[in-house]
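A.B. asks: here is the input, now give the coordinates:
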Amino acid sequence: MKLVLLFGPQAVGKMTVGNELSKITALKLFHNHMTIDLLEPFFGFSPDMWRLSTLFREEVFRTFATSNNYGMIFTFVWAFNQKEDWDSVEKICRIFSSKGAKIYFVELEAGVEKRLKRNKTPYRLEQKPTKKNVQYSEQELLRSMDSLRLNSKRGEITQKHYLRINNEDLEAEDVAKMIKERFGL
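C.D. replies: Predicted coordinates:
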């Protein structure tokens, strides 16, 4: 079993890279908006929505970690200055590592102007209904930069299997190939 944690700020290309990586490996893509977009119509962006999203994800992780699947790609935004995000990542890793899974950390980074462009792509808007209000999602993307640190500091992630990629000028297919080759997936 393998778990690829694919993280970075909003609209950096996590879902798109994850989709391309799933095409060239036997890994299944579980992007964070699969639970968000399921629950938001019922609860809005409320504490209940986030609580249920976490519960759903953890149950999917527990069940998947005991399956015969090759592995999973999970995409998410990690706020490095928020202890609860570090705790969440640790919990996900424990779920998989307790079943013998190898865990790979892949961090994507790109400048804000490129991310604002990507925020409007048809694929993103098709796959993430809560992003269809582009003006609101752009405001949230920009506002988050005031209080959240969404890329790690150099040397902050110390896991053995870690790769950081500036994908600002790279195609998703090329980034997926880099990940596959680096980790032998």
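A.B. asks: so which residue is smack in the middle of this protein?
C.D. replies: The central residue of the chain, meaning the one whose C-alpha is nearest the mean C-alpha position (CA atoms, centre = their mean), is residue 75 at 1.7 Å.
A.B. asks: next one: it from residue 146, what distance?
C.D. replies: Using CB to CB, to the nearest Å, one obtains 23 Å as the distance from residue 75 to residue 146. To be clear about C-beta, it is placed using only N, CA and C from the backbone, and glycine gets the same treatment.
A.B. asks: one step back: contact partners for the residue nearest to the centre of the chain?
C.D. replies: The neighbourhood of residue 75, defined by CB atoms under 8 Å, 6 or more residues apart in numbering, consists of 6, 7, 14, 15, 18, 29, 30, 31, 32.
A.B. asks: give me the neighbour count for residue 168.
C.D. replies: Summarising burial for residue 168: neighbours were counted as other CB atoms under 10 Å, giving 15.
A.B. asks: what are the ranges of the helices in this structure?
C.D. replies: Ranges of helices within the chain are 14-24, 33-43, 47-65, 83-97, 112-118, 122-127, 134-147, 172-183, based on DSSP state H.
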